[in-house]
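In: sequence unavailable; structure follows:
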């Protein structure tokens, strides 16, 4: 986990194998409101050369293509195989909230295409919020014992949040169970934060770290006026 700027953290993800050795086009889905700060595509070209990469979505039409090895104007054997192709300025080319179509090909020359490998994949880094704003007004702010599942397979059980919580209430954010006490301000805040750093929306937090080092603290504000009434409304109609 790397801190990119205040209120944001960076998460690096990799796609499954493209597994498209014939069409050589796959899609990478980026969740809504997520900024891609870095993306590269790995090519397993074998005895050939990775010589073409293109991107297509609602904000980038693929013209010109992102990468063409033949643009260097020399026989491929003198240029070498790039193996990893970096996408330049991905924040302006990779769209969030939709599928991004990526085409990658191999060849021995511009006129001799050899399709592509089924093992190609994309590796990308995204920036996601690490803070959540104020929630609704709740009558209590006690806490909970949380079970939380992480992308590296670690699961923390019965983690008290806040750290001084000594009760028995249970909350969960795992692939099999996402539940919390909806009448508790602290539980609501933690749940919303976990939702923010679960970019796949699968109940698994997309940050790899040791859950034993995890610590949450909360702060509450008291004296908030009730929104439940009673209320007196005066209506004057001028005729």
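Out: Happy to help now that I have it. This one's a predicted model, so the numbers in the text were calculated from it and none came from an experiment. Numbers count the residues shown, from 1 in each chain.
In: buried stuff in the lengthiest helix in the chain?
Out: Longest helix in the chain by number of residues (criterion: DSSP state H): helix 185-196. Neighbour-count burial for helix 185-196 flags 185, 186, 187, 188, 189, 190, 191, 193, 194, 196 (criterion: 16 or more other Cβ atoms under 10 Å). In short, each C-beta sits where N, CA and C put it, glycine included.
In: which residue is the nearest non-sequential neighbour of the fourth one?
Out: Closest residue in space to residue 188, ignoring its immediate chain neighbours: residue 135 at 4.9 Å, by Cβ to Cβ, 6 or more residues apart in numbering.
In: quick check: that neighbour touching residue 187?
Out: No. Residue 135 is beyond contact range of residue 187, at 10.0 Å (criterion: Cβ atoms under 8 Å).
In: tell me which stretches of the chain form strands.
Out: In the chain, the segments counted as strands under DSSP state E are 2-5, 8-14, 25-30, 35-42, 49-56, 67-68, 84-86, 98-109, 112-113, 121-129, 144-149, 155-161, 170-173, 178-179.
In: I'd like those written out as TSV, with mean neighbour count added.
Out: Output for the strands of the chain, formatted as TSV (neighbours: other Cβ atoms under 10 Å):
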stretch	mean neighbour count
strand 2-5	11
strand 8-14	16
strand 25-30	18
strand 35-42	20
strand 49-56	23
strand 67-68	16
strand 84-86	15
strand 98-109	20
strand 112-113	12
strand 121-129	19
strand 144-149	22
strand 155-161	15
strand 170-173	20
strand 178-179	16
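In: to residue 76, which of the ones you listed lies closest?
Out: Ranking the strands of the chain by proximity to residue 76 (Cβ to Cβ) places strand 49-56 first, at 4.4 Å.
In: who does residue 112 form a beta bridge with?
Out: Note on residue 112: beta-bridge partners residue 109, judged by DSSP bridges.
In: distance of it from residue 24?
Out: 15 Å (Cβ to Cβ, to the nearest Å).
In: so what pLDDT did the residue nearest the centre of the chain get?
Out: When Cα atoms, centre = their mean is applied to the chain, the residue found nearest the centroid is residue 199 (3.8 Å). With respect to pLDDT, residue 199 scores 88.
In: tell me the contacts of it?
Out: With Cβ atoms under 8 Å, 6 or more residues apart in numbering as the criterion, the residues that contact residue 199 are 11, 13, 31, 34, 126, 128, 206.
In: before we move on, the earlier item: and the strands of the chain: which comes nearest residue 78?
Out: For residue 78, the closest of the strands of the chain is strand 49-56, at 10.8 Å, according to Cβ to Cβ.
In: return the list of strands paired to the closest one, each annotated with direction.
Out: Within its sheet, and counting by DSSP bridges, strand 49-56 is paired with strand 67-68 (antiparallel), strand 98-109 (antiparallel).
In: now the ones you listed in a markdown table, with mean pLDDT and distance to residue 50?
Out: Shown next, in a markdown table, are these (pLDDT from 0 to 100; distance: least, Cβ to Cβ, whole Å):
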| stretch | mean pLDDT | distance to residue 50 |
| --- | --- | --- |
| strand 67-68 | 96 | 8 |
| strand 98-109 | 95 | 5 |
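In: distance to residue 147 for those - can I get that in TSV?
Out: Formatted as TSV, the strands paired with strand 49-56 follow (distance: least, Cβ to Cβ, whole Å):
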stretch	distance to residue 147
strand 67-68	44
strand 98-109	33
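In: those: which one's closest to residue 39?
Out: Closest to residue 39 of the strands paired with strand 49-56, according to Cβ to Cβ: strand 98-109, at 9.1 Å.
In: for that closest one, give me every contacting residue.
Out: Identification of contacts with strand 98-109 by Cβ under 8 Å, 6+ apart yields 18, 24-30, 41, 43, 45-46, 48-58, 69-70, 75-76, 85, 94, 113-117, 120, 122.
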